[in-house]
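Visitor: Sequence and predicted structure, then a few things I'm wondering about:
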Amino acid sequence: IKEIQQGPGLWKEYSHEDVLPLPDLKTQGTVKVDLRLTNAGTRILVQGRIRAEVMVECARCNESFPLPMDLEVEEYF
């Protein structure tokens, strides 16, 4: 984010796709992240999407299956 720290209104797009080992969440395949980072003065606004297939367990039969997740993100840091 170094290049957008030069002034408010500057922005940068960030995309990444990789297998991410998450301790509390089992995923199948890759996690895809598409973000836009914007200098909002004293903070960085992060907006975008995170897509992954999360392994969940059926409450009835106890078998695992992949559940597609498509999350919209909007946070200030």
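Guide: Arrived safely. Residues are numbered from 1 along each chain as shown.
Visitor: and the gap between the residue nearest the centre of the chain and residue 42?
Guide: For the chain, the residue nearest the mean C-alpha position is residue 50 (3.5 Å; Cα atoms, centre = their mean). Using Cβ to Cβ, to the nearest Å, residue 50 is found at 25 Å from residue 42. The way it works is simple: take the backbone N, C-alpha and C, and place the C-beta from them, glycine included.
Visitor: Can you point out the buried residues in stretch 21-31?
Guide: 27, 31 (16 or more other Cβ atoms under 10 Å).
Visitor: Export it to PDB, keeping only CA atoms.
Guide: Only the C-alpha atoms of stretch 21-31 are listed here, as PDB (Å, rounded to 0.1, in the frame of the first residue of the first chain):
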ATOM      1  CA  PRO A  21      -4.500 -23.000   5.500                       C
ATOM      2  CA  LEU A  22      -7.000 -21.600   8.000                       C
ATOM      3  CA  PRO A  23      -7.000 -23.100  11.500                       C
ATOM      4  CA  ASP A  24     -10.700 -22.700  12.200                       C
ATOM      5  CA  LEU A  25     -12.100 -23.100   8.700                       C
ATOM      6  CA  LYS A  26     -11.700 -25.900   6.200                       C
ATOM      7  CA  THR A  27     -11.700 -24.900   2.600                       C
ATOM      8  CA  GLN A  28     -11.800 -26.900  -0.500                       C
ATOM      9  CA  GLY A  29      -9.600 -25.600  -3.400                       C
ATOM     10  CA  THR A  30      -8.400 -22.100  -3.500                       C
ATOM     11  CA  VAL A  31      -9.600 -18.900  -1.800                       C
END
